[in-house]
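S.K.: Sequence and predicted structure are below.
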4 protein chains.
Amino acid sequence: MELHVKREHSSPGEQHPNRARMLISCPDGPGIVAAVSRFLFDHGANIVQSDQYTMDPSGGMFFMRIEFDLPKLEQRMEQLQAEFGAIADQFEMNWQMFNVSHKKRLAIFVSKEDHCLVELLWQWQAGDLDADIALVVSNHADMKEYVESFGIPYYHIPVTADTKAEAERRQLKVVGEDIDVIILARYMQIISPSFIERYKNRVINIHHSFLPAFIGGNPYAQAYRRGVKIIGATAHYVTEELDGGPIIEQDVQRVSHGDDVGELKRIGRTIERVVLARAVKWHIEDRILVHQNKTVVFN
Amino acid sequence: MELHVKREHSSPGEQHPNRARMLISCPDGPGIVAAVSRFLFDHGANIVQSDQYTMDPSGGMFFMRIEFDLPKLEQRMEQLQAEFGAIADQFEMNWQMFNVSHKKRLAIFVSKEDHCLVELLWQWQAGDLDADIALVVSNHADMKEYVESFGIPYYHIPVTADTKAEAERRQLKVVGEDIDVIILARYMQIISPSFIERYKNRVINIHHSFLPAFIGGNPYAQAYRRGVKIIGATAHYVTEELDGGPIIEQDVQRVSHGDDVGELKRIGRTIERVVLARAVKWHIEDRILVHQNKTVVFN
Amino acid sequence: MELHVKREHSSPGEQHPNRARMLISCPDGPGIVAAVSRFLFDHGANIVQSDQYTMDPSGGMFFMRIEFDLPKLEQRMEQLQAEFGAIADQFEMNWQMFNVSHKKRLAIFVSKEDHCLVELLWQWQAGDLDADIALVVSNHADMKEYVESFGIPYYHIPVTADTKAEAERRQLKVVGEDIDVIILARYMQIISPSFIERYKNRVINIHHSFLPAFIGGNPYAQAYRRGVKIIGATAHYVTEELDGGPIIEQDVQRVSHGDDVGELKRIGRTIERVVLARAVKWHIEDRILVHQNKTVVFN
Amino acid sequence: MELHVKREHSSPGEQHPNRARMLISCPDGPGIVAAVSRFLFDHGANIVQSDQYTMDPSGGMFFMRIEFDLPKLEQRMEQLQAEFGAIADQFEMNWQMFNVSHKKRLAIFVSKEDHCLVELLWQWQAGDLDADIALVVSNHADMKEYVESFGIPYYHIPVTADTKAEAERRQLKVVGEDIDVIILARYMQIISPSFIERYKNRVINIHHSFLPAFIGGNPYAQAYRRGVKIIGATAHYVTEELDGGPIIEQDVQRVSHGDDVGELKRIGRTIERVVLARAVKWHIEDRILVHQNKTVVFN
C-alpha cells in the first residue's frame, strides 16, 4: 500500500554532488575573508554563496558561512579539512565543514499534540526537508501507526516521575551516535542537563509563545489572560534554562478579543508548525551559528 | 489499523445544540436591526453574536450575520423560517438560516499538488474544521490510498480535452445534490460555466498569487520574473472570469532576490494552505456574504 | 507664515452632523439587542453600524457599540439619554453616548523622544485624527517652538525627584476638566496612582516592547540581549501596575542578528508611532471597551 | 527660531571616517571573492561586512557588496580605485566604490500629497537618513514654507501640458550635476524618457499599490473595486515603462470590507511612507544592485 507519495524532485545534494558548506566563528581581525577565500581558490573551489557578519568591528566576533563547489569533493574533503587547520589555528576559529550530499539525520520527539510532527513529515515527504528522519520517539503510543506508515521507526518510551532516568537512558540508546539534530516537536517532558550537554546546540524546541513572554506552561492561557493582540511561537536551541536558549526563529499572528483560549491554540498551531519547520530547515542547511545565547542566521 | 487519530473535542454543534446562524443582505433602511432582533426576542431566542455592515448609509446595502440560541431549535426551525418570511419580504432581504448542528458537506477537488488537500484533511482530523468531507475528486490517482485511509471516498475522474464534458458529468454525479461547498484545492482544470452557475458562490478556489497580480498560469514564475519582494495567495469564489471571482482571503510572505522559482513555490505552498483553510473555515461558519464581485466577511 | 497646511476634507462630524455612538457593557441575557434597537427605532434613529460581543454566552459579559443617525441630534440628545436610563437600569448597563460632532479633546505628554508626537501632529494636520489637540505637556523645552508652530499651547513642566508632586499639580491644572484623553507619547516619567485614578481608562501609553515581554526600562537593549527575531510596541491604558494595563493594540516587525540596539530603536520608532496612532484613533472613535484588564476593540 | 531639533548622534561617516563600500556585478566564475578580498587585504583594508549572491552558479551573474575600513581612506581612495581596475577588467565587472563619509545628495520631488516628504524630512532630522537633502522640487507651492523651515531650498516649478518640456529643463537645471538620487515622493507628473535615462537607476518612485497589481491611476479605487483583503505600496526605480521598473521594496497591510476608498488611502499613506523611506535608506547605504529589471538588495 503506497500511502504517501514521495515527491521526486532532486535534493540539493543530488543537484550539486560536489557542494560543501563551512561555518566559521572567530575573533574579528584583518585578513580572515582573504585567507579563507584564497585557500578555497587555491584548492580549485568556486564559492557560490558567502555570508559574513561582524558583531562589532573593533574587537568583536566574526561569523561566516560559505557554500562552495569543489570537484571530487567526496574524495578530497578529508584532506581539505586537514589543510584548513592551519588557517583555523591562525585565526582561532571555531569551524565546521559539511558535505551537502551527506544528509543530516533527524530524531523527532513528540508527545500528544501531533501538528508539528505532521508538518515535518509532510515537508519531508514533499521533498522540502533535505534530511533523513531517522526515528520518532514519543512518551505516548498514539502516533505509532501513522509514523510507521512512512517507514520511519517509532519508539514508544513512556515517562513518569519514577522512570524518568531510565526513560532517558532508553532515549539515548535509540538515538545513538549518528543523529545530527533532535527536534522537540511539542515534546512536553523536561530533558535533563546531561542530555542537553551531549547534544549542545543540536536540540531544537518549539515553544508555543512569543518568547520571552509567557515562559513555562499553558502560554495560550497566559496570553488570553493578559489580553495580547498578537500571539506567536518561538523555535530555539534547548539549554538548561527553561525556554531560555538561543532563539532561532519567531513568528506571530494577530488575534482579537473574540478569540478564546481554544481559538488561540488553533491559530497558534499553524504558527508553531511553520516556525519549527523553518528553524529545522535552517539548521539542516547549516545556516545557524550560535554565540553565547544568541543565533546568527544567514538566510 | 488506526492511522489517523481523530481528535475528541466537541464541535460547535455539539457544544451548542440549539444554535442557529442567519445571513441577511438587503437595501439599507431604518428599522432592520430592530425588526430582526425583536422577531428573535419574541420567539425566545438569545442573540449571542451579531455583526452588521452598511456599505453606504444613504441608499447602500445592508449586511448582517446573527448567531442565536433557540430552545428546541431542531423542531422549531422550519416554522421560524416560515414566520421570518414576512420581515424578509418587508425589507426585500436575501437571507439564509442555518442550524449549526447540521454540519456542512464538502467535496474537495485536487490534481497533483497535494499540500492544500493534506492541510484540509489534517485540520478536519484535528477537529478544527467543523464539516463533513464527503468525497475527494481528482483527475489523477496519486492521492487515492492516502484519502481512503481517512475513510473518505476518492473518485479518480481523468480529464482530457476530448473527455472534458463527460468528465464533468461524472463529477456532477458523484458530487450529487447534497454537497454544500466544493473546494478546488489546487485543482488545475477549468470548470465550465454551467458547473459554476449550479454552485454559485459555493465553489472556493485557491490561486497561488496575490490577485489581481499574476492571473493565469505559473504565477510563481511570473512573480520571479517581475522581481516582487512579497508573494501571496488568494482564496476566492469561482466565477466565469478566470481568477476574477470575489476574494475571500489573501495572505503574503516576504521573499528576497535569493529565492528562485522553486523556493517561491515552496514558500507559497504554506501561504496557499493557510489561506485556503481560513476561507473554508469562514464559509463553513457562515461568515461570508457575497455582493456583486466582493465579499463581506464577518470574522 | 503658514507652516503647516491643514487638509480640508471634512471630518466625520461634519459629514454626519446627526451621528451618535453608544458603548454598552452589561451582564449578558436575552433581549438586550432587541431592547436597544427597538428603543432607537422608536425614537426615529437609523443604526448605521452595530458590533456586539459576548464573552461567554452563559453568564458572561455583553459588549456593544452602536453608531446611529438621529435627526436633530444636538437638541434631542439630552432627552434621549434620559429616556435610555430605564433600559440601562433594567439590564444593569455601563453605557456612554457620544455626539460625533463633539470632537474629543486630547492632551499629549512627551519627553525628549519626539517621533510619536510628530506622528500625532502630522495625522491631525492631515485630517486623519478627528480630535482637537488641546495642549502638549513636556518635562523638557525642546519641542516648544515646533508644537507652537501648529498653534497648540505647550507647557514646559520640569520634573525632578523633589518637584514631582508639585509638577503633577501643575499638570492637572493645565489639563483641567474638559480633556477627554491623555496620550503619553513617550513620556518617560511615572504618573502617580491618584492621577491615573482621575483619568481611569483615559490615559494611553505607548510602551516600546511587545508586552508582556521586556517590561520596564530599556526594552530595546533587553530585546537585543535576548536575541529576539521580532520586536514590537504596545499601546495600553495606564493602570497602577507598571506596563500592566489593558492592551489596546500591538504591532511587530522582523529584525535580524545584524541589527544592533541603535537599529532596533530606529525600527521600533516606526512601530511605536503607528501603534500609538491606531490606539488613539480607536479611542477617539469610541471603539474600545475595557473590562477588567482587557479591551474589547470593535474595528 | 529653532523649529526643528536636529538630533545629535553621529552619522556612519563620522563614526567610521575610513569606511568605504563597493558594489560589484559581473559574470560568475572562480576566484572573484578571492581576488577582491586579497586585493583589499594587500592594501591594508579590513572587510567589516561582505554579502554575495550568485543568480545561477553555472554561467549566471555574480553580485557583491563589501564594506571595509582602510586607514587614510580619503587620501588613498583615488589610487585604490585606479589599482582595482585590473581586477575589474579581468572579471568584466561593473563596479562602484563609495567613501561612506561623503554623504549622498538627494533631490525630492513632490506634488500635493505631503506624507512621504514629511516622513523623509522627519527621518533626516532624526538622524536616521544619512544623506543631505539638497533641494525639494514641486509643481505646487503648498509645501514651500514647511520645507524652507528646515533650511532646504524649495523650487516651485508648475507643470502643465504646454509647459512640460520647459518645466523639465528648469528641473534639470536646479537638480544640476551633483545630485546622487532623485526621490519621487508622490510626484504625480510623468518624467520624460531622456530625464530617466540621465539618472538611470537613480530615480526612486513610490507607487501606491502592491505592484504589479493596480498599475496607473487611482490604485486605491482599483483595489476597492476588486475587493482585495490586503493593500500595499511599492518603491521602484523609474524606467520608461510606467510602474514597471525594478522593485526595491514592498510592504502591505490587511484591510477589510468595511474600509472605503478614503480609509484605504489613509492606511496606505503609512505603508507608502515606510516603504519609500526603507528604499531610500538602502539606496543611500549602497545596498542595491540592479540587474535587468530586478534588484539585488543586501540588507
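M.R.: Ah, there it is.

S.K.: Give me the residues contacting stretch A:212-226.
M.R.: Contacts of stretch A:212-226 with the rest of the structure, by C-beta atoms under 8 Å, 6 or more residues apart in numbering or on different chains, involve A:207-209, A:228, A:231, A:242-244, A:259-261, A:264-265, A:268, C:210-214, C:226, C:228, C:247, C:293. Quick note: C-beta positions are derived from backbone N, CA and C, even for glycine.

S.K.: Quick check: closest non-adjacent residue to residue A:72.
M.R.: residue A:18 (6.9 Å; C-beta to C-beta, 6 or more residues apart in numbering or on different chains).

S.K.: who are the neighbours in contact with that neighbour?
M.R.: By C-beta under 8 Å, 6+ apart, residue A:18 lies in contact with A:69, A:70, A:71, A:72, A:73, A:74.

S.K.: Could you do residue A:112 as well?
M.R.: Contact partners of residue A:112, counting by C-beta under 8 Å, 6+ apart, are A:140, A:142, A:188.

S.K.: For it, pull up the helix or strand it's in.
M.R.: Per DSSP states H and E: residue A:112 is located in neither a helix nor a strand.

S.K.: ok, so what distance separates it from chain C?
M.R.: Distance of residue A:112 to chain C, given as C-beta to the nearest C-beta, to the nearest Å: 27 Å.

S.K.: so what pLDDT did that residue get?
M.R.: For residue A:112, the pLDDT comes out at 93.

S.K.: Over to residue A:121?
M.R.: At residue A:121, the model reports a pLDDT of 95.

S.K.: Find the residue closest to it in space, skipping its chain neighbours.
M.R.: residue A:150 (5.9 Å).

S.K.: what do you get for residue A:152?
M.R.: residue A:133 (5.4 Å).

S.K.: The host helix or strand of that neighbour: what's the following helix or strand?
M.R.: Counting by DSSP H and E, the element that carries residue A:133 is strand A:131-138. Using DSSP H and E, the next helix or strand after strand A:131-138 towards the C-terminus is helix A:144-148.

S.K.: So which elements touch the helix or strand just after that following helix?
M.R.: Where DSSP H and E defines the elements, the next helix or strand beyond helix A:144-148 is strand A:154-156. Judged by 3 or more C-beta pairs under 8 Å, 6 or more residues apart in numbering or on different chains; DSSP states H and E, the packing partners of strand A:154-156 are strand A:131-138, helix A:144-148, helix A:164-175.

S.K.: can you tell me the average pLDDT over the second one?
M.R.: The predicted model gives helix A:144-148 an average pLDDT of 95.

S.K.: ok, and for it, which residues are buried?
M.R.: A:144, A:146, A:147 (16 or more other C-beta atoms under 10 Å in any protein chain shown).

S.K.: Please dump the residues you listed into CSV; it should also carry distance to residue A:47 for every row.
M.R.: Listed next are the buried residues of helix A:144-148 as CSV, based on distance: C-beta to C-beta, whole Å:
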residue, distance to residue A:47
A:144, 46
A:146, 43
A:147, 40
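
S.K.: can you tell me which residues contact the closest residue to residue A:285 other than its chain neighbours?
M.R.: The shortest distance from residue A:285 to any non-neighbouring residue, by C-beta to C-beta, 6+ apart, is to residue A:130 (7.3 Å). By C-beta under 8 Å, 6+ apart, the contact list for residue A:130 reads A:11, A:12, A:13, A:103, A:284, A:285.

S.K.: Could I have the CA atoms of stretch A:63-81 written out in CSV?
M.R.: Presented in CSV, the C-alpha positions along stretch A:63-81 are these (Å, rounded to 0.1, in the frame of the first residue of the first chain):
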residue,chain,number,x,y,z
PHE,A,63,30.8,34.9,11.7
MET,A,64,30.9,33.4,8.2
ARG,A,65,29.0,30.9,6.1
ILE,A,66,30.4,29.8,2.8
GLU,A,67,29.0,27.5,0.2
PHE,A,68,31.4,26.2,-2.4
ASP,A,69,31.7,23.7,-5.2
LEU,A,70,34.9,21.5,-5.3
PRO,A,71,35.4,18.9,-8.0
LYS,A,72,35.7,15.4,-6.4
LEU,A,73,34.6,16.7,-3.1
GLU,A,74,33.8,13.3,-1.6
GLN,A,75,37.4,12.1,-2.1
ARG,A,76,39.1,15.4,-1.2
MET,A,77,37.1,16.6,1.7
GLU,A,78,39.1,14.9,4.4
GLN,A,79,42.4,16.4,3.2
LEU,A,80,40.8,19.8,2.6
GLN,A,81,39.7,19.8,6.3
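
S.K.: which residues sit against it?
M.R.: Against stretch A:63-81 from outside (C-beta under 8 Å, 6+ apart): A:16-25, A:32-33, A:36, A:40, A:43-55, A:97, A:99-101, A:286-287, A:289, A:291, A:296, A:298, D:57.

S.K.: Look at the residue nearest to residue A:152 and report its pLDDT.
M.R.: 97.

S.K.: Check residue A:9 too.
M.R.: So residue A:9 comes in at 63 (pLDDT).

S.K.: Show me the contacts of stretch A:63-81 that map onto helices.
M.R.: The helices, defined by DSSP state H, take in A:32, A:33, A:36, A:40 from the contacts of stretch A:63-81.

S.K.: What separation is there between the last one and residue D:92?
M.R.: Yep, that's residue A:40 we're talking about. 21 Å (C-beta to C-beta, to the nearest Å).

S.K.: Tell me which of these two has more neighbours.
M.R.: Of the pair residue A:40 and residue D:92, residue A:40 is the one with more neighbours under other C-beta atoms under 10 Å in any protein chain shown, namely 25 against 10.

S.K.: Does that one touch residue A:47 like I think?
M.R.: Yes: using C-beta atoms under 8 Å, residue A:40 is in contact with residue A:47, at 6.1 Å.

S.K.: what touches both of these two?
M.R.: Common neighbours of residue A:40 and residue A:47, using C-beta under 8 Å, 6+ apart, are A:66, A:68, D:34.

S.K.: I'd like those laid out as TSV, including pLDDT and neighbour count.
M.R.: Putting the shared contacts of residue A:40 and residue A:47 into TSV (pLDDT from 0 to 100; neighbours: other C-beta atoms under 10 Å in any protein chain shown) gives the following:
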residue	pLDDT	neighbour count
A:66	94	25
A:68	92	26
D:34	86	22
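
S.K.: got the residues of the stretch 151-299 of chain A near chain B?
M.R.: Contact residues (C-beta under 8 Å from any C-beta of the partner chain) of the stretch 151-299 of chain A with chain B: A:262, A:266, A:269, A:270, A:274.

S.K.: mind redoing it with 6 Å?
M.R.: A:266, A:270, A:274 (C-beta under 6 Å from any C-beta of the partner chain).

S.K.: which residue sits closest to the second one, ignoring its sequence neighbours?
M.R.: Counting by C-beta to C-beta, 6+ apart, residue B:274 is the residue found nearest to residue A:270 once chain neighbours are left out, at 6.0 Å.

S.K.: Look up phi and psi at that neighbour.
M.R.: phi -70, psi -40 (degrees, to the nearest 10).

S.K.: Now for residue A:85, how many residues are close by?
M.R.: 11.

S.K.: And it, how far from residue A:97?
M.R.: According to C-beta to C-beta, residue A:85 stands 11 Å off from residue A:97.

S.K.: now the angle from the helix or strand hosting residue A:277 to helix B:261-284?
M.R.: Here residue A:277, judged by DSSP H and E, is contained in helix A:261-284. When axes from the mean of the first three to the mean of the last three C-alpha atoms, to 10 degrees is applied, the directions of helix A:261-284 and helix B:261-284 differ by 170 degrees.
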